[in-house]
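Undergrad: the following block contains a protein sequence and its predicted model.
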Amino acid sequence: MRYLGTLWLLLFLLPAYAQTKADSISQVFPKIIVLNDKQEILLSFDSNRKAFEVPSIGTLDGPVSIKTHLDQVAAELGFIYSSFRMGGLFTYIFPNRYRTFIRPYFVVKFKGYKDGHALRDSSCKWFPVSAAIKMIPYPASALIVQDIIKHPRNVRAATFEEYGYTNPLDTSKIRFRQLEDFYNLDASL
C-alpha cells in the first residue's frame, strides 16, 4: 500500500514540477537587413501597424533551412542577393507569459531586382542607414540594426523585453527594457 501512495505521488504530482510545453517553446522569427551598394537599408511598411520595419515573412514553420527561408523572403519581396551572413541572435521575452522569441537577424547583400528594375513588394523602400534606424519605431529593432551595422564583422546578441504593440502602432504604448547588453557571440574562447 505504501508503494501505491509513492506511485500516486510520482504519477500525479511530479508533472506539476516538470517543464510544460509552453515553457519549452521558442519561436524563431528571422529578420533580414538588406543592404545595397549605396549603404541603404530596405525597410517594409506594415499596413496594419502603419510603420516601417526590417523585413520578415514570419516564423520558421516546418522543416525549412535558413537559406531556404532567405530565398523565400527575397522572392516574395522581388530581389536577388549575392551573399548573407548572421548579424546576430536576439532574445525577446514577454512578461507574464510563456513566450520567448528567438530572433536571428541576417545581413543580406542586395544584388539586384528579380524582374530587373523594381521590387515586387511596393511596401518596401530604401533608406540611408541613419534614416532607416530613425524610421524603425520598435526600440529593440532600431538598436539591433544600429549595433549590427556598427559591428559588421561580428555576430551580436542581446536580450530585450518589448511589448504593447497596437494596430495602428502607438509608440507611447510600447514597453521596452534591454535586459542584457549587446555582446559578441563569436568571441574567442
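TA: Looks like it arrived, so ask away.
Undergrad: what strand or helix carries the closest residue to Lys125 other than its chain neighbours?
TA: Nearest residue to Lys125, sequence neighbours excluded (Cβ to Cβ, 6 or more residues apart in numbering): Leu43, at 6.1 Å. Yep, even glycine has a C-beta here, placed from its N, CA and C like the rest. Assessed by DSSP states H and E, Leu43 sits inside strand 40-46.
Undergrad: this protein: strands as residue ranges?
TA: 26-28, 31-35, 40-46, 51-53, 79-94, 99-113, 124-128, 156-163, 175-184 (DSSP state E).
Undergrad: what's the most buried one of those strands?
TA: strand 31-35 (a mean of 22; mean count of other Cβ atoms under 10 Å).
Undergrad: report the mean confidence score over that one.
TA: The average pLDDT for strand 31-35 rounds to 97.
Undergrad: contacting residues around that strand?
TA: 41-42, 54-56, 70, 73, 77, 79, 81, 87, 103-110, 141, 144-145, 148-149 (Cβ atoms under 8 Å, 6 or more residues apart in numbering).
Undergrad: quick revisit: worst mean pLDDT among the strands of the chain?
TA: Least confident of these, judged by mean pLDDT, is strand 26-28 with a mean of 70.
Undergrad: what residue is smack in the middle of the protein?
TA: Central residue of the chain (Cα atoms, centre = their mean): Arg103, 3.3 Å from the mean position.
Undergrad: now do the strand holding Leu43 against strand 79-94, angle only.
TA: Using axes from the mean of the first three to the mean of the last three Cα atoms, to 10 degrees, the inter-axis angle of strand 40-46 relative to strand 79-94 is 60 degrees.
Undergrad: what comes into contact with strand 40-46?
TA: Outside of strand 40-46, the residues within contact range by Cβ under 8 Å, 6+ apart are 33-36, 51-55, 77, 79, 110, 119, 121, 123-129, 132, 135-136, 145, 169.
Undergrad: go again with 7 Å.
TA: 33-35, 52-55, 121, 123-129, 132, 135, 145 (Cβ atoms under 7 Å, 6 or more residues apart in numbering).
Undergrad: ok, Arg120 touching Phe79?
TA: No: between Arg120 and Phe79 there is no contact under Cβ atoms under 7 Å: 8.1 Å.
Undergrad: what do these two both touch?
TA: Lys114.
Undergrad: next up, the contacts around Glu76.
TA: 57, 121.
Undergrad: going forward, the N-terminal residue is numbered 57.
TA: From this message on, residue numbering opens at 57, which makes the last subject Glu132.
Undergrad: I'd like the distance between it and Cys180.
TA: With distances taken as Cβ to Cβ, to the nearest Å, Glu132 is found 10 Å from Cys180.
Undergrad: how about Arg141?
TA: Counting by Cβ to Cβ - Arg141 and Cys180 are separated by 21 Å.
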